[in-house]
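1. sequence first, predicted coordinates after that:
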Amino acid sequence: MRRTLAVVLLAACCLAATAGLAAGVHEESTDDTLAIELTADGNAAVHHITTYNLSAEDEQSAYEAISTNETARADHREETMSDLEAAAATGRNGTDLDMRVRDPSVDTYERNGTGFVSVTVTWENLAYYNETMVVVTEPFRSGYEPDRDVTIHGPEGYRRGVTQPPPGIARLNSAAWSVESDFSNFYAAFNEPEGSETATATEPTTAAPPDDGLEGVGTFLWALTLAALPVVALLVALRRRE
């Protein structure tokens, strides 16, 4: 019985650690963020998130204007859409990818004294891809300078590979860069684990420089090490009670 309990807890701890690393970085932030959620075919859902400190009267008023007034909401959506369309045009000019943004929607919500206004778009052809890798370089390399932090989440089941510049926060399948980062040589690769069947790409395009995948593997091993620590303590305690 004790051995069965230990095995169950070991699996639970490992799953909890993996889930924590895979969780989206931008969900935890209270800063303005451009959050990119990639799919294996090079497309992405992009969330342009603006935050408001609800304890400051002027910011609370600005947030409430967007969250309660349809005209202000539409104006914010159109302004954001214009910025993202300009970014996509920058990416088209800097690469052979036909980047397009479409289907904007607006969502507002509050969390821990912060108001969030998120404009979400579908960004077509944001990334290079092949059967085992998705790589983002544009529109950042061609001069797009975001006025907010940037987070990128790899396709479901993928693992973070080589990134440039080094992200401020790096997790198993996501990375985050501050607005002060140098994006001029930007490169973010996400790799499909060997033997996985999650990829959906059918017509590979040429990816950017190859990725040796070591960075993602190191992060994964570190996660497993952290997950094992409470299990070791549990097994020692059970052993003492026998």
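-> Everything's here; your move.

2. ok, for residue 192, nearest residue in space, not its chain neighbours?
-> residue 132 (4.6 Å; CB to CB, 6 or more residues apart in numbering). Where you see a C-beta, it was placed from the backbone N, CA and C, and this is true even at glycine.

3. thought the one you found was touching residue 191?
-> Yes: taking contacts as CB atoms under 8 Å, residue 132 lies within contact range of residue 191: 6.3 Å.

4. so the two - more neighbours on which side?
-> The neighbour comparison of residue 132 against residue 191 (other CB atoms under 10 Å) goes to residue 191, with 24 against 19.

5. which of the three states applies to the residue nearest to the more buried one when sequence neighbours are not counted?
-> Spatial nearest neighbour of residue 191, excluding adjacent residues (CB to CB, 6+ apart): residue 161 at 4.6 Å. Secondary structure for residue 161, judged by DSSP: H, G, I helix; E, B strand; the rest coil, is strand.

6. I figured residue 161 hits residue 192, correct?
-> No: in this structure residue 161 lies outside contact range of residue 192 using CB under 8 Å: 10.0 Å.

7. now do the shared contacts for the two.
-> Common neighbours of residue 161 and residue 192 are listed as residue 133 (criterion: CB atoms under 8 Å, 6 or more residues apart in numbering).

8. for this structure, what spans make up the helices?
-> Assigned by DSSP state H, the chain shows helices spanning 2-22, 57-68, 70-94, 214-241.

9. averaged pLDDT, the last one. What do you get?
-> For helix 214-241, the per-residue pLDDT values average out at 38.

10. so residue 161 versus residue 92, what's the distance?
-> Residue 161 is 25 Å from residue 92, where distance means CB to CB, to the nearest Å.

11. also residue 194?
-> Taken as CB to CB, the span from residue 194 to residue 92 is 33 Å.

12. can you read off the pLDDT for residue 194?
-> Per-residue pLDDT puts residue 194 at 75.

13. ok, now residue 168?
-> Residue 168 carries a pLDDT score of 96 in this model.

14. residues contacting it?
-> Per CB under 8 Å, 6+ apart, neighbours of residue 168: 176, 177, 178, 181.

15. hang on, the third one packs against residue 149?
-> Which is residue 178. Yes: between residue 178 and residue 149 there is a contact under CB under 8 Å: 5.5 Å.

16. of those two, who's got more company?
-> Per other CB under 10 Å, whichever of residue 178 and residue 149 has more neighbours is residue 149, with 22 against 12.

17. quick check: which ranges of the protein have low pLDDT?
-> In the predicted model, the chain carries pLDDT under 70 at residues 1-28, 195-242.

18. go with 90
-> Within the chain, the segments meeting pLDDT under 90 span 1-30, 95, 193-242.

19. buried sites along stretch 30-37?
-> For stretch 30-37, burial by neighbour count (16 or more other CB atoms under 10 Å) applies to 32, 33, 34, 35, 36, 37.

20. circling back: how about the contacts of residue 168 in TSV, adding distance to residue 74?
-> Output for the contacts of residue 168, formatted as TSV (distance: CB to CB, whole Å):
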residue	distance to residue 74
176	30
177	30
178	30
181	32
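
21. how long is stretch 89-108 end to end?
-> 27 Å (CA to CA, to the nearest Å).

22. contacting residues around that stretch?
-> 42, 46, 63, 66-67, 73, 76-77, 80-81, 84-85, 88, 115-128, 137-139, 141-144, 205.

23. try 7 Å
-> 66-67, 73, 76-77, 81, 84-85, 88, 115-126, 138-139, 141-144 (CB atoms under 7 Å, 6 or more residues apart in numbering).
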